[in-house]
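pasting the sequence and the predicted model now:
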Amino acid sequence: MDQRAKKRRNRLQNIAIVLLSVSAVALFVQTQLFNLRTDGGYLSDLFSSGSVEKTQSVSGLTDLELPARVAVTGAYGRWAGLALTTGDEDFSKPGNLLMEALGSAGTMKKCGVEDFRAALRMGTDAGGSIYYDFGGALPLSILSGVVGAQWSGGEISARRVLVQVNENVVRLFAWDGESACFVCTTAISTEAVRELVREYSLGSAWFAFDRPESDGHVADFSLFSDQLDPPVNLSVSAGIADPDAVLEALSFNPHTNARYPEPSGAEVVVEGDRNLRIYPDGALSYQGGSGTLRIASEEEAPTETETVVGVYQLLNGLLPDQSSGALFLQEFAAAEDSVTLHFGYQYAGIPIRFADGGFAAEVTLEGASIVRLTLRVRQYTPAESGESLLPLAQALSIARAWPGRELAVRYVDGGSTAAAQWLAE
């Protein structure tokens, strides 16, 4: 080999060594940056302020199914659906009527709870009424969005809503279940309500105030029906099968070195001012600084709709896909600088309660930032068999020990199973 060829070979070898060295350094730097990242990749750390924006599609509230109890009242009695959701086919007709009522509501004026009750009393108006109970007071802007309506009647919350024919007009009542009750007229025709009432077989349902001699010891608006189908029992599984997926959903790096077990069995992950605890029983707890984990919003301050949908989608991303139980919004509490949302689980329109009285999820936001989040991860599936529901007469007798409480059927999560029971709440 001549001297010229030897020099060319050495030069190529040196270039190859340099390239390999540069690649090794680049790979090392990339790995370290990946371990330090707070979102989807190392390059974003180089060009961002460190905040994480959840890129979620805010599709609206109609996918947020709420458990609902509906009572249709006419001159000859009542019909009730005690285990419905706003997404059920059986809710579609009363739901459409509610959508029209909320969308055409006039100026809301204060009224008394007795006015609400009087509008419900059997036989007082042959025109009829449709009653809706969503289990907890929610802003009418949220309830309207769930049924596909636009609300422009101000900041009013309601648990119980009534659409009622009064002479030649249709009135809309909205009551939070406590002391705040409002009423207004709507643009719905009286015949539209009468036609809907005529579609139901009346006479099989009643409120406790209809029968004070036998049911007067429970809350007046406890709603009963002779046509209640026995709910199936549920199998319950708790625990998080894929902790890495949970970390990614909350924008943590699953490969971080700041991940360790506590003596209690909880797994702890720390990144900057954020920390996450995953407990063996399927519960998780998150705390983070403002601006780190955010929901999508068009403006700096999210709307109520963006808040609810963004949180709902985030929580759903932390749950097993195969669960038959579904989250629903129970409470929406707005303070001066924060908003707190409480969620529960429901199956087939029946809420699921926990023995300790707690919520399935609690999320607090400051602006668009999630600063606190707790969630009990559960998977509910129908069981092959279960105990039958206690007869109503016996449940009413037992409820005398808790006078004034509302008696209703609820699931109780007992750990491995969830059975339907009469609860005095």
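Nice, thanks for sending it over. Residues are numbered from 1 along each chain as shown.

can I take it that residue 395 is in a helix?
Yes - assessed by DSSP: H, G, I helix; E, B strand; the rest coil, residue 395 belongs to a helix.

quick check: the gap between it and residue 177.
21 Å (Cβ to Cβ, to the nearest Å). Glycine gets a C-beta too; all of them are placed from N, C-alpha and C.

and for residue 202?
Between residue 202 and residue 177 the computed distance is 25 Å (Cβ to Cβ).

ok, residue 183 next?
15 Å.

list the contacts of residue 368.
Contacts for residue 368 (Cβ atoms under 8 Å, 6 or more residues apart in numbering) come out as 294-297, 300-302, 306, 310.

can you rerun that using 7 Å?
294-295, 297, 302 (Cβ atoms under 7 Å, 6 or more residues apart in numbering).

take these and keep only those in helices.
Among those, none falls in helices (DSSP state H).

pLDDT below threshold where in the protein?
1-59, 122-126, 385-386 (pLDDT under 70).

for residue 177, phi and psi?
Main-chain torsions, residue 177, degrees, to the nearest 10: phi 90, psi -10.

isn't it up against residue 159?
Yes - using Cβ atoms under 7 Å, residue 177 is in contact with residue 159, at 3.9 Å.

what is in contact with these two at once?
Contacts common to residue 177 and residue 159, judged by Cβ under 7 Å, 6+ apart, are residue 137.

which parts of the stretch 151-300 of the chain are helices?
190-198, 212-215, 243-249 (DSSP state H, counting those that start in this stretch).

tabulate those (JSON lines), appending distance to residue 391 and mean neighbour count.
Formatted as JSON lines, the helices of the stretch 151-300 of the chain follow (distance: least, Cβ to Cβ, whole Å; neighbours: other Cβ atoms under 10 Å):
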{"stretch": "helix 190-198", "distance to residue 391": "29", "mean neighbour count": "16"}
{"stretch": "helix 212-215", "distance to residue 391": "14", "mean neighbour count": "11"}
{"stretch": "helix 243-249", "distance to residue 391": "43", "mean neighbour count": "16"}
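
and those: which comes nearest residue 336?
Nearest of those to residue 336, taken as Cβ to Cβ: helix 243-249 at 29.5 Å.

if we can go back for a sec, could I get the helices of the stretch 151-300 of the chain as a markdown table with distance to residue 421?
Converted to a markdown table, the helices of the stretch 151-300 of the chain look like this (distance: least, Cβ to Cβ, whole Å):
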| stretch | distance to residue 421 |
| --- | --- |
| helix 190-198 | 32 |
| helix 212-215 | 18 |
| helix 243-249 | 31 |
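
quick one, which of those is nearest to residue 373?
helix 243-249 (10.9 Å).

hmm, back to that, neighbour count for residue 183 and residue 177, which is higher?
Set side by side, residue 183 and residue 177 show more neighbours around residue 183, with 22 against 19, by other Cβ atoms under 10 Å.

apart from its chain neighbours, what residue comes closest to that one?
Leaving aside its sequence neighbours, residue 183 sits nearest to residue 111 (Cβ to Cβ, 6 or more residues apart in numbering; 4.4 Å).

I figured the one you found hits residue 179, correct?
No - using Cβ under 7 Å, residue 111 is not in contact with residue 179; the gap is 11.2 Å.

who has more neighbours out of those two?
Taking other Cβ under 10 Å, residue 111 and residue 179 do not tie; residue 111 has more neighbours (19 against 8).

the more buried one pairs with what?
Beta-bridge pairing for residue 111 (DSSP bridges): residue 181.

quick one: it from residue 187, how far?
19 Å.

what of residue 218?
37 Å.

the more surrounded of those two?
Using other Cβ under 10 Å, the more surrounded residue of residue 218 and residue 187 is residue 218, with 23 against 12.

that one against residue 401, yeah?
No - counting by Cβ under 7 Å, residue 218 stays clear of residue 401, with 11.1 Å between them.

between the helices of the stretch 151-300 of the chain, which one is closest to residue 335.
Of those, nearest to residue 335 by Cβ to Cβ is helix 243-249, at 26.3 Å.

and the closest one, how far out from the chain's middle?
Relative to the centre of its chain, helix 243-249 is centred 21 Å away, using Cα atoms, centre = their mean, to the nearest Å.

could we number from 29 for the rest of this?
Sounds good: first residue 29 from here, last item helix 271-277.

what's next to that helix, contact-wise?
268, 282, 295, 297, 306, 312, 345-346.

of all those, which two lie farthest apart?
So, those by Cβ to Cβ: farthest apart are 295 and 345, at 18.7 Å.

and those two? which has more neighbours close in?
Per other Cβ under 10 Å, whichever of residue 295 and residue 345 has more neighbours is residue 295, with 18 against 15.

mind listing the residues bridging to the nearest residue to that one once chain neighbours are set aside?
In this structure, residue 295 finds its nearest non-sequential neighbour in residue 306, 4.5 Å apart by Cβ to Cβ, 6+ apart. Taking DSSP bridges as the rule, residue 306 bridges to residue 295, residue 312.

confirm for me that residue 306 is in contact with residue 268.
Yes - with contact defined as Cβ under 7 Å, residue 306 counts as touching residue 268 (5.9 Å).

could I have stretch 125-133 exported to PDB, CA atoms only?
The C-alpha trace of stretch 125-133 is given here as PDB (Å, rounded to 0.1, in the frame of the first residue of the first chain):
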ATOM      1  CA  LEU A 125     -88.600  18.600  26.500                       C
ATOM      2  CA  LEU A 126     -86.100  19.800  29.100                       C
ATOM      3  CA  MET A 127     -83.800  21.000  26.400                       C
ATOM      4  CA  GLU A 128     -86.500  23.100  24.900                       C
ATOM      5  CA  ALA A 129     -87.600  24.400  28.300                       C
ATOM      6  CA  LEU A 130     -84.100  25.500  29.300                       C
ATOM      7  CA  GLY A 131     -83.400  26.900  25.900                       C
ATOM      8  CA  SER A 132     -86.500  29.000  25.900                       C
ATOM      9  CA  ALA A 133     -86.500  30.000  29.600                       C
END
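
quick one: contacts of that stretch?
Contacting residues not belonging to stretch 125-133 are listed as 158, 160, 168, 172, 175-179, 181, 189, 191, 200, 212, 214-216, 220, 224 [Cβ under 7 Å, 6+ apart].

let's go with 8 Å and repeat that
Contact partners of stretch 125-133, identified using Cβ under 8 Å, 6+ apart, comprise 158, 160, 168, 171-172, 175-179, 181, 189, 191, 198, 200, 212, 214-216, 220-221, 224.

thanks again, I'm all set now.
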